[in-house]
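Colleague: take a look and give me a structure for this.
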Amino acid sequence: ESPVIGHALRYDTALPVNGGRPIIITFWTQINQQAVYEHLIADYQQIHPNVTVQLVTSSYGDHFARLKTALQAGMGPDLFHMHNEFAETFRDFLAPYPTDRFPLEAMEKDFLQVSSHVTDSRLHFIDTGLMTSRIYYNTRMWHMAGLGPADIPRTWEDLRRVARKLTVRGSDGRILRAGFNPNGIGADLFTALNLQQGQTLFMPDNPARPIIGGPAATRSLAFIRSLYGPDGVCDVRLPQFHEALGSQKAAMIYAWGWASSWLDTNFPDLEYGVFPLPSWDGTVPPAWDRNNGECSMGVNKAARAERKAVAFDLVCFFLASDKYLAEICKSLDIAPSKLSLDANDAQSSEIIRRTVWPGPLPSFYNKTLSDDLIDPVIIDGADPQASLAATRNRLERLFAASAFRSVENRYSWKPPREK
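Modeller: Numbers count the residues shown, from 1 in each chain. Down below sits the predicted model:
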């Protein structure tokens with residue numbers, strides 16, 4: 001059996017690492033990916049017993065807060081889990097993938113969306129899987145309300161009607177259980193509703209200028225507002241979307257693929273199912289939503305040369321192998337970006353192929369949509385048009401000052417190439 005694994009990107013397991021001399025490297029990641037990386041490390045250390053990989057895990061928020069502090073202090077781990085919303089934050093701390101180990105041509109043959117991650121002609125990470133949104137619902141509540149498979153909403157108005165059947169109110173009229181709860185994720189829902197109307201996220205002639213406003217945005221915001229109020233299906237005082245579904249204070253939520261892992265971990269007895277997003281008119285829209293990638297690992301530019309070399313060797317072993325990427329996609333319920341892997345199911349494959357990839361959106365994008373638009377309009381009753389204008393102005397300033405340039409008009413409106 002050949003010691004070489006991989007397809008276009010290849011890894012020779014027979015080659016020694018660090019000249020066979022003992023070496024220790026550190027690797028920080030999120031706790032929800034711990035099992036996959038433990039498997040990866042165990043297999044890698046079996047091939048290279050001279051290498052010890054110290055894995056440290058923490059929650060999403062803690063991981064990136066600690067990582068930012070450590071990297072800015074010139075320290076931090078040799079290898080770390082990345083998320084593309086922090087691409088700008090960590091850009092100066094990321095070592096570029098060596099072109100002799102990770103030839104761009106080979107990477108593009110094996111993975112989707114690679115060239116959209118090229119910065120200054122170099123790669124610093126790629127997508128390991130592609131995630132998008134769907135509707136999660138409590139199957140027990142669904143059946144108790146007399147609903148069946150034929151009641152899966154095809155339009156957003158259908159969803160609102162079904163949500164009314166699932167909403168439970170107290171004697172004072174206050175909502176005790178939301179039929180559909182977008183609390184905490186209204187910014188993402190707003191973006192999806194806009195994309196389904198054919199409105200891109202950025203100006204076609206200016207990839208640094210976001211589009212916020214116009215008829216599509218007005219319609220989307222009006223729909224979200226309609227979910228609240230006296231005859232609505234949700235209350236701002238209820239928990240956030242995923243917590244509400246888990247604690248059975250919501251019957252349906254809009255959420256991304258990571259919610260499956262979160263629900264299974266925190267509410268293992270919850271009976272839930274998923275279905276694709278509705279569209280405005282029940283037909284296939286220009287795009288269902290945007291997608292976002294889970295990222296390959298980042299390597300600390302400040303790491304010692306020998307540790308950096310071992311870190312990149314581990315990354316190459318990870319990306320050349322299919323099984324660890326398949327495990328990550330299964331655990332996070334996302335579509336693989338590696339063309340040698342099959343999507344988890346045919347439906348998710350068709351959905352992901354009709355989603356928009358705008359590029360690695362900075363974290364301030366969703367935060368500004370939430371803080372300046374969704375929360376003021378929904379919670380404080382602010383004027384929608386004034387809030388849209390204020391949000392647009394602030395985002396334009398933020399993007400003008402950032403290095404972000406959208407790739408959406410180069411990548412979004414055509415499906416990825418076939419295997």
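Colleague: find the nearest non-adjacent residue to the spatially most central residue of the chain, please.
Modeller: For the chain, the residue nearest the mean C-alpha position is residue 292 (4.3 Å; Cα atoms, centre = their mean). Leaving aside its sequence neighbours, residue 292 sits nearest to residue 131 (Cβ to Cβ, 6 or more residues apart in numbering; 5.5 Å). Every residue, glycine included, has its C-beta placed from N, CA and C.
Colleague: wait, is residue 105 part of a helix?
Modeller: Yes: counting by DSSP: H, G, I helix; E, B strand; the rest coil, residue 105 is part of a helix.
Colleague: nearest spatial neighbour of it, chain-adjacent residues omitted?
Modeller: Leaving aside its chain neighbours, residue 105 sits nearest to residue 8 (7.5 Å; criterion: Cβ to Cβ, 6+ apart).
Colleague: any low-confidence regions in the stretch 201-350 of the chain?
Modeller: Along the stretch 201-350 of the chain, the model assigns pLDDT under 70 to residues 342-349.
Colleague: which stretches of it form strands?
Modeller: Using DSSP state E, counting those that start in this stretch, the strands of the stretch 201-350 of the chain run over 202-203, 206-210, 252-256, 272-275, 292-295, 298-299, 335-336.
Colleague: tell me which of these sits nearest to residue 36.
Modeller: strand 292-295 (10.6 Å; Cβ to Cβ).
Colleague: residues in contact with the closest one?
Modeller: The contact list for strand 292-295 (Cβ atoms under 8 Å, 6 or more residues apart in numbering) reads 81-84, 113, 125-132, 256, 328, 332, 334, 337, 357, 361.
Colleague: give me that answer again for 10 Å
Modeller: 33, 81-87, 111-113, 116-117, 124-133, 188, 256-258, 325, 328-329, 332, 334-335, 337, 355, 357-361 (Cβ atoms under 10 Å, 6 or more residues apart in numbering).
Colleague: same question for stretch 1-21.
Modeller: Under Cβ under 10 Å, 6+ apart, the answer for stretch 1-21 is 23, 25, 43-44, 46-51, 101-103, 105-111, 306-307, 309-310, 313-323, 338-340.
Colleague: drop anything exposed from the residues you listed.
Modeller: Listed as buried from those are 23, 25, 43-44, 48, 51, 101-102, 106-108, 110-111, 307, 309-310, 313-322, 338-339; burial here means 16 or more other Cβ atoms under 10 Å.
Colleague: circling back: residues in contact with the residue nearest to residue 292?
Modeller: By Cβ under 10 Å, 6+ apart, the neighbours of residue 131 are 256-258, 290-294, 329, 332-335, 352, 355.
Colleague: farthest pair within the residues you listed?
Modeller: Across those (Cβ to Cβ), the longest gap, 18.2 Å, separates 290 and 329.
Colleague: so these two - more neighbours on which side?
Modeller: Taking other Cβ atoms under 10 Å, residue 290 and residue 329 do not tie; residue 329 has more neighbours (25 against 22).
Colleague: what's the closest of the strands of the stretch 201-350 of the chain to residue 161?
Modeller: Across the strands of the stretch 201-350 of the chain, residue 161 has its closest neighbour in strand 252-256 (11.9 Å, Cβ to Cβ).
Colleague: which secondary structure elements does that closest one sit against?
Modeller: strand 133-138, helix 156-166, helix 186-195, helix 241-246, helix 258-266, strand 272-275 (3 or more Cβ pairs under 10 Å, 6 or more residues apart in numbering; DSSP states H and E).
Colleague: apply 6 Å and report the result again.
Modeller: Judged by 3 or more Cβ pairs under 6 Å, 6 or more residues apart in numbering; DSSP states H and E, the packing partners of strand 252-256 are strand 133-138, helix 241-246.
Colleague: would a markdown table of the ones you listed with distance to residue 262 be doable?
Modeller: Formatted as a markdown table, the helices and strands packed on strand 252-256 follow (distance: least, Cβ to Cβ, whole Å):
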| stretch | distance to residue 262 |
| --- | --- |
| strand 133-138 | 10 |
| helix 241-246 | 6 |
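Colleague: quick one: which of these is nearest residue 275?
Modeller: Per Cβ to Cβ, nearest to residue 275 of those: strand 133-138, 5.3 Å.
Colleague: quick one: residues in contact with that closest one.
Modeller: Applying Cβ atoms under 6 Å, 6 or more residues apart in numbering, the contact partners of strand 133-138 are 245, 251-256, 272-276, 289.
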